[in-house]
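*Asks:* Quick one, what's the 3D model for this:
(2 chains, ligands or ions: 2)
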Amino acid sequence: MMRSVLPVLSVVAAIFAIWYVASIGLNKPWAEDKARRAGVELSTSELILDTWSQKKPRLPAPHQVAAELWNTTGAMVQQGRALSKRSLIWHGWITLSSTLLGFVFGTGLGILLAIGIVHSRTMDMSVMPWVIASQTVPIIAIAPMIVVVLASLQVDDVVAKGVISMYLSFFPVVVGMVKGLRSPGAMQMDQMKTWNASRAQTFWALRLPASAPYLFASLKVGIAASLIGAVVAELSLSQDGGLGARMLGGSYYGQTIQIWSALIAAAILAAGLVAIIGLIQRITLKRMGMAA
Amino acid sequence: MTAPVISAQNLSLTFETNDGPVHALKDVTLAVEKGDFVSFIGPSGCGKTTFLRCMADLEQPTGGEITVNGVSPEEARRARAYGYVFQAAGLYPWRTIGGNIRLPLEIMGYGRSDQDARVQRVLDLVELAGFEKKFPWQLSGGMQQRASIARALAFDADILLMDEPFGALDEIVRDHLNEQLLQLWDKTNKTICFVTHSIPEAVYLSTKIVVMSPRPGRITDVIESPLPRQRPLDIRDTPEFIEIAHRVRDGLRAGHGDG
Ligand SMILES: Nc1ncnc2c1ncn2[C@@H]1O[C@H](COP(=O)(O)OP(=O)(O)OP(=O)(O)O)[C@@H](O)[C@H]1O
Ligand SMILES: [Mg+2]
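*Replies:* Ligands and ions are numbered 1, 2, ... in the order given. As a prediction, the model looks like this:
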């Protein structure tokens, strides 16, 4: 335990140190500017303290972001306003709902395509190139257009955003599941043949369980991609709220602390989702006797 | 005299590879009678596995004829006429031992209570009673191999094809499994084709020993064993046994010499 915690802690400490130093450097010009106009002379320590406590710093210091995170989550829960429109919990929930919607449908689509590709040579030849081509489209760049078009077609906003999430998350699932469904060796396939098993029987009894480790690896990538999709989509449908909308709103008004806290909230959300899948993976593979 | 269970007539199989054709089998002719225990022995690459795979319809011959139970290997496979034991146990890690043995039964559509009874019966047969609920990783390699044999015995196939099933096991375990396999063969009256690299194993088990040699893969000698059906392990010290073992060794040498 100690051996795994120590390296992690030292990396975190290093990141914070670099972060604090960087915010001194980036916010110094503004602090000096203010002092010059006020006609006062700043000592080094005063200068440093100023760079760490500005209202609209170029780079907010970690404790400023932490305070903002607390003020928009825990503090609001204490005041009984957890779901107010100013709370990051509310915005996080909006992002989470389109992330999960897109993820569920993306995973479903990915698995179905993989099943088709593995069982049909025609699909392997015709669909696989399109699956790969789909990811060369700079979806992040055209997501706003897609979202706006979908929204104008009276598609529900959550669904419109979920589509972007789905688009980004189905790909790792297709690739992983094709590999997983093909992972049984020649011997295992021959064995099925000696029992004269049908393709459906081979699928349920062999291919599908054998693909489980690949599926989980894909799901982890997929859910992270799905969250990115949701955040990007929220930049276009910002009236609904969401972490993406918070980032956009923050950038309109130069509220860098707000941008950074939304960013960190998104990272925490992503880490949490990946960790949940990791946990399910550990439990499932252990029960299946396939723990790595 | 009934028709042979397996009959090969001038069977040939040539693999087309990038380095040119490989004659894995050339003009192989053999008849396996009902209830025979036939061992295939020969140096690596002489086509033992290929021959067994032809019987199992896992490989398509490029020449000659082969029938299993009087029909083509494909029809025999579709009728689930044989059980095949691969060199590696190949148990599914996500199924218990019982679940693994049950798998072919589920695929073949046996009824639930019939499945239960059969699993119990074959577990007893290979002396693994009580291990039904264990997972493969909880068993030793020898026990896993016995489970895979049990799996091949669970359904009503009267032919058993075994490709070096005990190849990876130590001598003691091997002796024990050989003894069990003989008892099993005696009890079930199956026809068994068995690939091995071990001369004592081949002589101890078989009613018929097929000696093969490579390039091209062919049969150089077929030895009918005069040993009785009941064979205690110490039969291996009798003069008859040693004499057959000599003949097998000579056959293997001759194959090497003109190869
Ligand atoms: N799928 C294949 N493609 C090409 N060549 C093959 C293939 N399978 C087997 N061979 C070749 O056919 C020959 C016979 O192979 P086979 O596996 O039957 O030998 P074997 O007697 O079982 O050997 P071993 O004792 O090592 O298992 C070998 O030369 C091998 O390289
Ligand atoms: Mg072989």
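
*Asks:* For the most centrally placed residue in chain B, give me its contacts.
*Replies:* Residue closest to the mean C-alpha point of chain B, counted by CA atoms, centre = their mean, is B:Met162 at 2.3 Å. B:Met162 sits next to B:84-85, B:149, B:152, B:192-195 when contact means CB atoms under 8 Å, 6 or more residues apart in numbering or on different chains. The way it works is simple: take the backbone N, C-alpha and C, and place the C-beta from them, glycine included.

*Asks:* where does whatever residue of the stretch 101-250 of chain B ends up closest to ligand 1 fall, phi/psi-wise?
*Replies:* Nearest to ligand 1, among the residues of the stretch 101-250 of chain B, is B:Gly217, at 5.6 Å (CB to the nearest ligand atom). Torsion angles at B:Gly217 (phi, psi; degrees, to the nearest 10) stand at phi -60, psi 120.

*Asks:* Over to the one 5 residues further on?
*Replies:* With angles defined as degrees, to the nearest 10, B:Val222 sits at phi -130, psi 120.

*Asks:* try A:Val159
*Replies:* phi -70, psi -40.

*Asks:* Please determine how far it is located from A:Ala205.
*Replies:* If you measure A:Val159 against A:Ala205 using CB to CB, to the nearest Å, the figure is 36 Å.

*Asks:* more neighbours, these two?
*Replies:* Just comparing A:Val159 and A:Ala205: by other CB atoms under 10 Å in any protein chain shown the higher neighbour count belongs to A:Ala205, 20 against 15.

*Asks:* which residues touch that one?
*Replies:* A:Ala205 touches A:192, A:197, B:92, B:103, B:106-107, counting by CB under 8 Å, 6+ apart.

*Asks:* Can you check the pLDDT for it?
*Replies:* On pLDDT, A:Ala205 comes in at 95.

*Asks:* and what of the one 10 residues further on?
*Replies:* Residue-level confidence at A:Leu215 comes out at 96, pLDDT.

*Asks:* continuing past the strand or helix carrying it, what's the next helix or strand?
*Replies:* Here A:Leu215 sits within helix A:212-236, counting by DSSP states H and E. Going down the chain from helix A:212-236, the next helix or strand is helix A:243-252, by DSSP H and E.

*Asks:* Could you tell me which residues of the stretch 151-259 of chain B lie near ligand 1?
*Replies:* Within the stretch 151-259 of chain B, the positions lying close to ligand 1 (CB under 6 Å from any ligand atom) are B:Gly217.

*Asks:* show me where pLDDT drops low in the stretch 151-259 of chain B?
*Replies:* B:256-259 (pLDDT under 70).

*Asks:* Would you map the strands across it?
*Replies:* B:159-163, B:191-196, B:208-213, B:218-224 (DSSP state E, counting those that start in this stretch).

*Asks:* highest average neighbour count across these?
*Replies:* Counting by mean count of other CB atoms under 10 Å in any protein chain shown, strand B:191-196 has the highest mean neighbour count of these, with a mean of 26.

*Asks:* Pull the residues that contact it.
*Replies:* B:5-6, B:32-41, B:48-49, B:52, B:55, B:158-167, B:181, B:185, B:202, B:205-206.

*Asks:* ok, back up a step: so which of the contacts of A:Ala205 comes closest to A:Leu101?
*Replies:* B:Tyr92 (34.5 Å; CB to CB).

*Asks:* Please report the distance of the closest residue to A:Arg199 other than its chain neighbours from ligand 1.
*Replies:* Residue nearest to A:Arg199 in three dimensions, not counting chain neighbours: A:His119, with 6.5 Å by CB to CB, 6 or more residues apart in numbering or on different chains. As judged by CB to the nearest ligand atom, to the nearest Å, A:His119 and ligand 1 stand 23 Å apart.

*Asks:* State the pLDDT value of A:His119.
*Replies:* Each residue has a pLDDT score; the one for A:His119 is 93.

*Asks:* my guess is it meets A:Ser198, correct?
*Replies:* No: A:His119 sits out of contact with A:Ser198 when judged by CB atoms under 8 Å, with a separation of 11.7 Å.

*Asks:* which of these two has more neighbours?
*Replies:* When A:His119 and A:Ser198 are compared for neighbours, A:His119 comes out ahead with 16 against 11, by other CB under 10 Å.

*Asks:* domain parsing for chain B?
*Replies:* B:6-81+B:158-258, B:88-156 (automatic domain parsing).

*Asks:* Tabulate those (JSON lines), appending distance to A:Ala66.
*Replies:* Putting the domains of chain B into JSON lines (distance: least, CB to CB, whole Å) gives the following:
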{"stretch": "domain B:6-81+B:158-258", "distance to A:Ala66": "59"}
{"stretch": "domain B:88-156", "distance to A:Ala66": "44"}
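
*Asks:* Pull out the buried residues from the helix or strand harbouring A:Ala22.
*Replies:* For A:Ala22, the host element (DSSP H and E) is helix A:2-38. Neighbour counts over helix A:2-38 (16 or more other CB atoms under 10 Å in any protein chain shown) mark A:20, A:23-24, A:27-28, A:31 as buried.

*Asks:* Which secondary structure state does B:Val106 sit in?
*Replies:* Wrong residue type there; residue B:106 is Glu, not Val. Classification of B:Glu106 by DSSP: H, G, I helix; E, B strand; the rest coil places it in helix.

*Asks:* Around it, count how many other residues there are.
*Replies:* With neighbours defined by other CB under 10 Å, the count for B:Glu106 comes to 16.

*Asks:* Not counting its own residues, what contacts the strand or helix carrying B:Arg118?
*Replies:* Here B:Arg118 is covered by helix B:112-125, with elements defined by DSSP H and E. Counting contacts by CB under 8 Å, 6+ apart, the residues outside helix B:112-125 that touch it are B:97-98, B:101-102, B:105-106, B:110, B:129-132, B:150-151, B:153-155, B:184, B:187.

*Asks:* ok, now stretch B:61-69?
*Replies:* By CB under 8 Å, 6+ apart, the residues outside stretch B:61-69 that reach it are B:5-14, B:25, B:27-28, B:54-55, B:72-73, B:76, B:79, B:81-82, B:159.

*Asks:* Likewise for stretch A:253-265?
*Replies:* By CB under 8 Å, 6+ apart, stretch A:253-265 touches A:56-60, A:64-65, A:68-69, A:72-73, A:88, A:91-92, A:243-244, A:246-247, A:249-251.

*Asks:* Check which residues of it are buried.
*Replies:* Under 16+ other CB under 10 Å, the buried positions of stretch A:253-265 are A:255-265.
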